[in-house]
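J.: need a 3D model of the sequence below.
(chains A and B)
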Number of protein chains: 2
Amino acid sequence: MSVGGERSRRFLAERARSMRASEIRELLKLTEGRDIISLAGGLPDPQTFPREELAEIARRVIIERGNQALQYSPTLGVTEFRRVLKEFLSSHGVTVNSGDDVIVTTGSQEALYLIAKVFVDPGDVVFVEAPTYLAALNAFRHYGAYFKSAPLDDEGMRTDVLEERIKEARREGRRLKLIYTIPTSQNPSGVTMSLERRKHLLELAEEYDLLVVEDDPYSFFTFEPVEAEPLKTLDKSGRVIYLGTLSKILSPGLRIGWALAESWVVTALELAKQSVDLHSSTLSQFIAAEAMRKGLVDKTVEKARTIYKEKRDVMLESLEEYFPNSCRWTRPVGGLFIFAYLPEGLDTKAMLPEAIERGVAYVPGASFFAEGGGENTMRLNFSYPTKEQIREGIRRLGLLIKEKVGG
Amino acid sequence: MSVGGERSRRFLAERARSMRASEIRELLKLTEGRDIISLAGGLPDPQTFPREELAEIARRVIIERGNQALQYSPTLGVTEFRRVLKEFLSSHGVTVNSGDDVIVTTGSQEALYLIAKVFVDPGDVVFVEAPTYLAALNAFRHYGAYFKSAPLDDEGMRTDVLEERIKEARREGRRLKLIYTIPTSQNPSGVTMSLERRKHLLELAEEYDLLVVEDDPYSFFTFEPVEAEPLKTLDKSGRVIYLGTLSKILSPGLRIGWALAESWVVTALELAKQSVDLHSSTLSQFIAAEAMRKGLVDKTVEKARTIYKEKRDVMLESLEEYFPNSCRWTRPVGGLFIFAYLPEGLDTKAMLPEAIERGVAYVPGASFFAEGGGENTMRLNFSYPTKEQIREGIRRLGLLIKEKVGG
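T.: Got it, this is the predicted structure:
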């Protein structure tokens, strides 16, 4: 380890001692490229990118279809890509009804933002999982959402608690708006919702007339079969807005996501998108259409599945080996993350500077909880680091935790 | 002309008879691909796209730098592209101060949206040109802007009127926020602001402590030399936010724009962008960096300049030949549009269905005026149609107008 590395760790650790939540992200940004093992990110493994094939597709698309691929395109998305995308979704178990439509977005982050822009007015209640995806919370928060959350267990969102929270919100006279969920390989927890819970969630949405936002970046590459179908497919009343993305099944750099929903919803999102960015990259959409049509997405998914399964297993084994018995963690069937619960009383945010000093970073879990709590949790990424880094990172973390708990 | 063409014209004309402003856009969308000459669009001529070179750049970028080019990238933009971009701007007369920074956006539309999101609170006064860019009005409007406008003449925005409007807004006790201007080859008017007016505008901004948003998609390919420097370069107090885009100087399909400003402004825009779309296409940014570095943007600009100058000249000649003497129009030194003023009393929105029936479309000018008026104006695009279409389109329009005014 270089002296420079040592010095920069000290510097970063210093900064970490007195920081607010938004600063954690900034700090973790700085750890990139240093000799710190980062289990904090959420990046796909570049090994999964089909470079040769994408290079050839990009070249041909520009040569043969450049007049369209390099031009402005409709706000809804490139017509041809939308057609191929609907076929892709249908053939992967996501029901596309005749009254449905799809809009292409600049990553699924933009879809979340547009949904918040269109549907959330200040004070509207948005029901979320605890923990949940931070960037979704931020998008809803920007438009004044009031959050009520339900915890997760091994079967996903506790819909019994969700029901209580809905009733509570109603008693409080609040305006109920939507349920946001990542049912498969949830971020940050890695948990997958059981079929029974999915059905219960939809029943509640039906009974209390709520929209459901199903955020689904991960279901196409689970490592083990998932019996539960997407909410979009189980839904009988057209209240699910289904979000997807190419980021984990082809390339995040294309920055292509989508929302599939009843066409009145899509039209509202289209209008909102018009003033936000007019449309998403035309070139990316042409490349994506070709990649889907040629089966390159399916091929990439196969490769990602193998790579991530191995890495997940290494992380699970390492946790077993190095973390004290007083910790527990999730066993995801997909996605990019394992979520760990340390003994009550340990504060992972306070512990982060020490971890960085020892050359390992993670995301403290508290900011994933919309209503507070989770101070003893951490999110651990297994997709980007190498297997050696995973093992060594978990070893260092384990040692640190053992010192803290004296175990 | 086919019967189908005739029939679809009738159908579209029918729809046009009773429509609201937002429906005009929808209608014009429908004219695409029919045998209607559209002078309504704002698309670059695909002839200007350097397909061969971009295809090769895309291929190489993905093969050689795929691990980064296909991956997530920072919200501010790809570091390398931002560096190349700053050099490009500097070498083209746009001053980049040491305290400045640049953020990459999903088209310059997103930059406009982020500026509105960050700076405009309900009731804030935004000063604009009359007419001005419709999508900018929509972005500001979304955040509750109160518009005050100043008309254009051959030297651009009437800054004497701007001064009156600023004083008026102050007397009314309103909160003054920013001036939005497209100083060079303005959209929709095609007018370029004189140096004297630019200086006056900046003096006013200084005196009344206003931000200035300089929207500059066109200044890199004016057909005749423009003596006036960018406001960003003339500005001495760091109050100009300078917006640019690749859409007219390389390819709109890459969907890459930028904002250059003091770094505190850029940091605020970065934070806003985080929840909107996280970042813009990484691949597009890698392609753009290579294209700028290799001089491909400059080469494209040269080609565009020649093509558009010829088309502009054909449109000016045709207007001279076919429009009645009671009309006047702008003589742009750049950009994509000519703006025509018909005799008072003529309503271009009411006239549009008849124009479509005769196989020519344009954009009625009224919606470009933030405070109303302009019912007798129209925007005419010369970049996309062929020279033959321009001549024939203007001939048909001229005939129609002559019938209306009886001469």
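J.: just the element for residue A:137, please.
T.: Using DSSP states H and E, residue A:137 maps to helix A:134-142.
J.: which strands or helices does that helix pack on?
T.: helix A:107-119, strand A:125-130, helix B:263-276 (3 or more Cβ pairs under 8 Å, 6 or more residues apart in numbering or on different chains; DSSP states H and E). (Glycine included, C-beta is placed from N, CA and C.)
J.: for the last one, which helices and strands make contact with it?
T.: Where contact means 3+ Cβ pairs under 8 Å, 6+ apart, helix B:263-276 is packed against helix A:107-119, helix A:134-142, strand B:100-105, helix B:107-119, strand B:257-262.
J.: same list, the helices and strands packed on helix A:134-142, but as TSV with mean pLDDT, distance to residue B:296 and mean neighbour count please.
T.: Below are the helices and strands packed on helix A:134-142 laid out as TSV (pLDDT from 0 to 100; distance: least, Cβ to Cβ, whole Å; neighbours: other Cβ atoms under 10 Å in any protein chain shown):
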stretch	mean pLDDT	distance to residue B:296	mean neighbour count
helix A:107-119	97	27	26
strand A:125-130	98	46	26
helix B:263-276	94	26	20
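J.: using JSON lines, lay out those together with distance to residue A:136.
T.: Output for those, formatted as JSON lines (distance: least, Cβ to Cβ, whole Å):
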{"stretch": "helix A:107-119", "distance to residue A:136": "5"}
{"stretch": "strand A:125-130", "distance to residue A:136": "7"}
{"stretch": "helix B:263-276", "distance to residue A:136": "9"}
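J.: out of these, the one nearest residue B:286 is which?
T.: With Cβ to Cβ, the closest approach to residue B:286 among the helices and strands packed on helix A:134-142 belongs to helix A:107-119: 16.7 Å.
J.: can you get me a residue count around residue A:79?
T.: Residues near residue A:79, counting by other Cβ atoms under 10 Å in any protein chain shown, number 13.
J.: so what's residue A:183 up against?
T.: Residue A:183 is in contact with A:156, A:157, A:192, A:193, A:198, A:214, A:216, A:219, A:228, A:230, A:231, counting by Cβ atoms under 8 Å, 6 or more residues apart in numbering or on different chains.
J.: which helix or which strand is home to it?
T.: Counting by DSSP H and E, there is no helix or strand that carries residue A:183.
J.: and what of residue A:372?
T.: Per DSSP H and E, there is no helix or strand for residue A:372.
J.: contact partners for it?
T.: So residue A:372 contacts residue A:366 (Cβ under 8 Å, 6+ apart).
J.: per-residue confidence for it?
T.: What the model reports for residue A:372 is a pLDDT of 94.
J.: quick check: it vs chain B, distance?
T.: Distance, residue A:372 to chain B, by Cβ to the nearest Cβ, to the nearest Å: 21 Å.
J.: now that residue: how far from residue A:147?
T.: Noted for residue A:372: a distance of 10 Å to residue A:147, by Cβ to Cβ, to the nearest Å.
J.: could you do residue A:109 as well?
T.: From residue A:109 to residue A:147 the distance is 18 Å (Cβ to Cβ).
J.: now the longest helix seen in chain A: how far from the chain's centre is it?
T.: Looking across chain A with DSSP state H, the single longest helix is helix A:296-322. Helix A:296-322 has its C-alpha centroid displaced from the chain centroid by 17 Å (Cα atoms, centre = their mean, to the nearest Å).
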